[in-house]
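Participant: sequence first, predicted coordinates after that:
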Amino acid sequence: MVIAKHKFFLNKKKEAWLKLEKSLETKLNNFKGQVGLVVEDLDTGWVIAFNENMLVPSASLVKVPIMLSYFYAAEEGKIKLDDNIKFRSFEKLPDKLSAKSGFIVEELFSPMITLSDNSATNALIDFLGFDALNEYFEKMGLKNTNLSRKMLDFKSRSKGIENYTTAYDMAYILDKLYRRQFLSQDVSEKCLVLLNQQKINDRIPKKLPKEDVSVAHKTGLERHICHDAGIVYTQKGNFLICVLVKHGNKFSKTAKKFIADTALSVYDCYKNL
């Protein structure tokens, strides 16, 4: 009897999932811009994906693999998470940490992830270096994610030097974290806690009921670029969603709304089960 009920529920869920896929495809086709999208049901492993391997400037999404690289380097004994990082007198100090000029490595993860602080990120890029970070990106299984310039380096960006990622790569590392398979359960949980403390909540969580869900995610925003990638925990099941948007608008309002609406569509699929 229990098996029969489970099979019935799974069939209804599959039916809803297929409807969701068609609905998301319509949304993408009606949106004026390019979208890389991955949605994964974290119970069954079912995936909806469109343009998942499209290269997109990563903006601040790259801060997630930067954080993971540090845990990787610490695991290998190349660094310690309590190593000191000094800021030079002319460098802007990270938000919320400006009372001193020196920090330990791990102190910079929170402003980099939860506030998307660029000063903290650039200090971490300098400390490990571009080559080491790109090597760790490869080691952790990212296929199309690179680091070629620092945050706010618009001069390099104007020359075509860019950091790229894909919806597939972001979904891959989030899935690893969710399943506690990145290095260890302890490391995975530390990363998820930081992502769950995200302060920039104007995309994936925007239209979701706060009393029913929590979201561990990271945003990215630059001119003509607007992203959000995260894990949504709901009472009816958990899902992963990565929406990477390239658009031609002067402002990001339309892209943010598109991401929020897409996340709501997925949530509604679960709520109505």
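Facilitator: On my side now, so go ahead. Numbers count the residues shown, from 1 in each chain.

Participant: thinking T262 is in contact with I241, fair?
Facilitator: Yes - between T262 and I241 there is a contact under CB atoms under 8 Å: 7.3 Å. Yep, even glycine has a C-beta here, placed from its N, CA and C like the rest.

Participant: spit out the residues that contact the two alike.
Facilitator: Overlap of the contact sets of T262 and I241 (by CB atoms under 8 Å, 6 or more residues apart in numbering) consists of L37.

Participant: and the two? Which one has more around it.
Facilitator: Taking other CB atoms under 10 Å, T262 and I241 do not tie; I241 has more neighbours (28 against 25).

Participant: what sits closest to that one if chain neighbours are left out?
Facilitator: Leaving aside its chain neighbours, I241 sits nearest to V39 (5.1 Å; criterion: CB to CB, 6 or more residues apart in numbering).

Participant: pLDDT score for the one you found?
Facilitator: V39 carries a pLDDT value of 98.

Participant: can you check F9 too?
Facilitator: F9 carries a pLDDT value of 80.

Participant: tell me how many other residues crowd it.
Facilitator: F9 has 11 neighbours, counted by other CB under 10 Å.

Participant: which residues touch it?
Facilitator: Counted by CB under 8 Å, 6+ apart, F9 has contacts L273.

Participant: how near is it to K246?
Facilitator: Distance, F9 to K246, using CB to CB, to the nearest Å: 38 Å.

Participant: same check on L28?
Facilitator: 12 Å.

Participant: which residues are in contact with each of those two?
Facilitator: V35.

Participant: which strands or helices does the helix-or-strand element of the chain with minimal mean pLDDT pack on?
Facilitator: Sorting the helices and strands of the chain by mean pLDDT, DSSP states H and E puts strand 102-104 at the bottom, at a mean of 86. Contact analysis of strand 102-104 by 3 or more CB pairs under 8 Å, 6 or more residues apart in numbering; DSSP states H and E lists strand 84-86 as its packing neighbours.

Participant: what residue ranges in the stretch 101-250 of the chain score low on pLDDT?
Facilitator: Scanning the stretch 101-250 of the chain with the threshold set as pLDDT under 70 gives 101.

Participant: tell me which stretches of it form helices.
Facilitator: With helices called from DSSP state H, counting those that start in this stretch, the stretch 101-250 of the chain shows them at 109-114, 118-128, 130-139, 154-158, 167-178, 185-196.
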